[in-house]
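Trainee: Show me how the following folds:
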Amino acid sequence: MNTPKRYTITAALPYTNGPIHIGHLAGVYVPADIYARYLRLKGKDVAYISGSDEHGVAIPMRAKKEGVSPQVVIDKYHGIIKQSFIDFGISFDNYSRTSSKIHHETASEFFTKMYHDGEFIEEVSAQLYDAEANQFLADRFVVGTCPKCSFEESYGDQCENCGTSHNATDLINPKSAITGNVPTVKETKHWFLPLDKHEDFLSEWILEGHKKDWKPNVYGQVKSWIDDGLRPRAVTRDLDWGIPVPLKDAEGKVLYVWFDAPIGYISSTKEWAAREGKNWEDYWKKDDTKLVHFIGKDNIVFHCIIFPSMLKAHGDYILPDNVPANEFLNLEGNKLSTSKNWAVWLHEYLEEFPNQQDVLRYTLTANAPENKDNDFTWKDFQAKNNNELVAIFGNFINRVVVLSNKYYQGIVPDPNEFTEVDEDVLTAVKEFPNVIGKSIERYRFREASQELMSLARLGNKYLADEEPWKVIKVDEERVKTIMFVALQISTALAVLSEPFLPFTSDKLKGILNIIQSDSETILSWENVTEKNILLPANHQINKAELLFSKIEDKTIEAQVEKLQATKIANEQENKVVAPQKETIEFDDFTKLDIRIGTILEAEKVAKTKKLLKLKVDVGIDIRTIVSGIAESFSPEDLIGQQVSVLVNLAPRKIRGVESNGMILMTDTPDGKLAFMEPEKAVKNGQEVS
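Mentor: Residues are numbered from 1 along each chain as shown. Reported below is the predicted structural model:
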């Protein structure tokens, strides 16, 4: 579509079973926000839509874990998520929730029309059932061995290890996540969307129609699914949390969350349109509207195959023009995980880095996982801030504003004749909106962010080459022109940075005193190209303020330590305590001779990583003990350490060294070993009883 009249931009509905983390931001919300802000700057009619996904089995699972009702869970996390988005500058036109009345009505009406049009098939199928819990087991309530990769903790719908989708009945050795029991198989009736019926349409629309303009990772995944053959997929499930299936013979059944969640885009648009006095149908049913879905790669199938099939079957809706899904963002080399608490949570970041939203926005954009998985590290975050935002963007603006106030009391000087260098720079500035815009329109946000930084680099180079601080001593008139040009670059940065750095853009506009209330006088994206003068002579600017502050090493070290501590605490919480061993008699215990000893010597055992050779005074004698503790202790740190020793253990040769005894140890929360030692120093040979 060359000239859309309006744009409907959707961002994946986040589950309200936890807060938002940087993976969500990098994959969906930052690129979508850049796109929406850019289009608004170009004067386009935009509806940027999202909302909380509050149905599905993840919600009752979380509620069960926290010992509260599902409603408490969704209210808690909907509030956290919505406020985090507001504080972070994600500029939704409407952020709704799927528990709302308008969504329940919209999803029910959507299902009912498709049902009456004969778009579903009704089937009785075998599903896993937990007799003790007296309920059918939804996908995430089943854990078992993946039939493809043998991963032993696969869910009923998908294996997180190999990514394969399957049915819960395909699992090997399935167990109920509710009671731990082995489930039985029981028949139940459900309604299915026959995706195989839509194969020809999908092949023509995507495989032929979008071969050149959809991202390779998106196109490739869709092609793989279609080539493999599509099969009917249930649109209902046995669950007591969700939108009731609007049929008389469907008691105890709800709409499957994958069916109702994307309809949330439509219901959220309805909510927005009613508030703004617009016609929601224009944004979903008119051919001159461009629909774009921003999602992560785990949602590609739902947004490129299933939801379009629903829209096509319904008959009244337009189809997405593009689905620019990103890959996954990892954190410090490991996969982000809400359940494992391996994440940087947005609401915590906003508390710990006040007024630094744009640093995270920039880092996530510059490292966006657009075509492959990428990694977020705190050291790179620091480098992006200190070496780029501070040293390039912030440095240029600060020098321009400081010098303008120093030389002209903040009044934009009248330029004199422009040199060839001046003309070249001003011409180059006019090209940036088109260059950056083309990257954004092709969903290359990393590339676009670097083009923006190139504009700041152009400004720095211009100042460094022209050296106004030197020229002022010999040619004051020339400096007026230099500073005039530098202020035009600064103004261009204030406008073009808004999609990427909205808080910085607002602050810079305040410094340059160009915050206009009249929409007709606000500088637009095109103005940077079309106007010869962005900031006129005799305009008064304000005093300099730092746009960015340097982030110190200690701040980054604290974040790394916090992350590691969280990981360790989470591991300990989920650590399975070994079951009690077989019961023994008191006489069995009395056979153990445990004594206090002191380590006299310690050295590593050659060609091993874990073993130390110790000389220990156990009161009875001084003996050699080989112990696998080298990864937790250095030999030199052990001299004088009191330990508990099982002294009557039969001797055993380990790596050629005879070991006479065993030192008693336990694990610490960080996975290291710790000695079982007396609270106070005692005599060697003292018995432990």
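
Trainee: How about residues contacting stretch 122-136?
Mentor: For stretch 122-136, the external contacting residues (C-beta atoms under 8 Å, 6 or more residues apart in numbering) are 137, 141-142, 156, 168-169, 174, 176, 178-179, 181, 183-192, 232, 234, 237-240. Glycine gets a C-beta too; all of them are placed from N, C-alpha and C.

Trainee: same thing with stretch 543-563?
Mentor: With contact meaning C-beta under 8 Å, 6+ apart, stretch 543-563 is reached by 331-332, 342, 344, 352, 356, 358-359, 378-379, 381-382, 385-386, 389-390, 393-394, 397-398, 401-402, 405, 410, 504, 507-508, 511.

Trainee: Tell me which of those fall in strands.
Mentor: Those of those mapping onto strands are Leu331, per DSSP state E.

Trainee: Give the PyMOL command for selecting the buried subset of the contacts of stretch 122-136.
Mentor: Buried residues among the contacts of stretch 122-136 (16 or more other C-beta atoms under 10 Å), as a PyMOL selection:
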select buried, resi 137+141+142+156+168+174+176+178+183+188+190+191+192+232+234+237+238+239
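
Trainee: mind listing which of the contacts of stretch 122-136 are in helices?
Mentor: Using DSSP state H, the subset of these located in helices is empty.

Trainee: Give the helix, strand or coil label for Lys290.
Mentor: strand (DSSP: H, G, I helix; E, B strand; the rest coil).

Trainee: Share the number of residues neighbouring Lys64, please.
Mentor: Neighbour count of Lys64, defined by other C-beta atoms under 10 Å: 15.

Trainee: which ones are touching the closest residue in space to it that isn't next to it in sequence?
Mentor: Closest residue to Lys64 apart from its sequence neighbours, by C-beta to C-beta, 6 or more residues apart in numbering: Ile178 at 7.7 Å. Neighbouring residues of Ile178 by C-beta under 8 Å, 6+ apart: 64, 130, 132-133, 135, 137, 141.

Trainee: if you set the cut-off to 10 Å instead, what comes out?
Mentor: Neighbouring residues of Ile178 by C-beta atoms under 10 Å, 6 or more residues apart in numbering: 60-61, 64, 130, 132-133, 135, 137-138, 141-142.

Trainee: Ok, Lys5 next?
Mentor: Applying C-beta under 10 Å, 6+ apart, the residues contacting Lys5 are 44-45, 282, 286-290.

Trainee: Just name the closest of those to Asp298, please.
Mentor: Lys290 (24.2 Å; C-beta to C-beta).

Trainee: where in this protein is pLDDT low?
Mentor: Within the chain, the segments meeting pLDDT under 70 span 1, 163, 516-521, 570-578, 669-671.

Trainee: if we go to 80?
Mentor: Applying pLDDT under 80 to the chain picks out residues 1-2, 133-135, 138-141, 156-158, 160-167, 178, 338-341, 515-521, 566-580, 667-672.

Trainee: thinking again about what came up before, among the contacts of Ile178, which are in strands?
Mentor: Those of the contacts of Ile178 lying in strands (DSSP E): 130, 135, 142.

Trainee: surely the last one meets Thr179?
Mentor: In other words, Val142. No - Val142 lies out of contact with Thr179 (C-beta atoms under 10 Å); the separation is 11.6 Å.

Trainee: Only C-alpha atoms, please: export stretch 255-269 in CSV.
Mentor: The C-alpha trace of stretch 255-269 is given here as CSV (Å, rounded to 0.1, in the frame of the first residue of the first chain):
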residue,chain,number,x,y,z
LEU,A,255,-12.6,-19.3,24.6
TYR,A,256,-9.0,-20.4,24.1
VAL,A,257,-6.7,-17.5,25.0
TRP,A,258,-5.0,-17.5,21.6
PHE,A,259,-8.5,-16.9,20.1
ASP,A,260,-9.7,-14.2,22.4
ALA,A,261,-6.4,-12.3,22.9
PRO,A,262,-5.8,-10.9,19.3
ILE,A,263,-9.5,-9.8,19.3
GLY,A,264,-8.3,-7.6,22.2
TYR,A,265,-6.8,-5.3,19.5
ILE,A,266,-10.2,-4.8,18.1
SER,A,267,-12.0,-4.3,21.4
SER,A,268,-9.2,-1.9,22.5
THR,A,269,-9.7,0.1,19.3
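
Trainee: Which elements pack onto the helix or strand containing Ile81?
Mentor: Assessed by DSSP states H and E, Ile81 sits inside helix 70-88. Contacts defined by 3 or more C-beta pairs under 10 Å, 6 or more residues apart in numbering; DSSP states H and E place helix 70-88 against helix 30-41, strand 46-52, helix 58-66, strand 94-97, helix 346-352, helix 357-366.

Trainee: Let me know the angle separating the longest one from helix 357-366.
Mentor: To tie it back to what came earlier, the one meant is helix 30-41. 110 degrees (axes from the mean of the first three to the mean of the last three C-alpha atoms, to 10 degrees).

Trainee: Relative to the whole chain's centre, how far out is helix 30-41?
Mentor: The gap between where helix 30-41 is centred and where its chain is centred comes out at 18 Å by C-alpha atoms, centre = their mean, to the nearest Å.

Trainee: so Trp469 touches Arg399, yeah?
Mentor: Yes - applying C-beta under 10 Å, one finds Trp469 in contact with Arg399, separated by 8.8 Å.

Trainee: so what sits against both of those two?
Mentor: Each of Leu463 lies in contact with both Trp469 and Arg399 under the rule C-beta under 10 Å, 6+ apart.

Trainee: The two - which one has more neighbours?
Mentor: Each of Trp469 and Arg399 has its neighbours counted (other C-beta under 10 Å); Arg399 has more, 19 against 13.

Trainee: ok, the residue lying closest to the more buried one once chain neighbours are set aside - contacts?
Mentor: Spatially, and ignoring its direct neighbours in sequence, Arg399 is nearest to Leu463 (6.0 Å; C-beta to C-beta, 6+ apart). Listed by C-beta under 10 Å, 6+ apart, the contact partners of Leu463 are 395-396, 399-400, 403, 469, 482-483, 485-486, 489.
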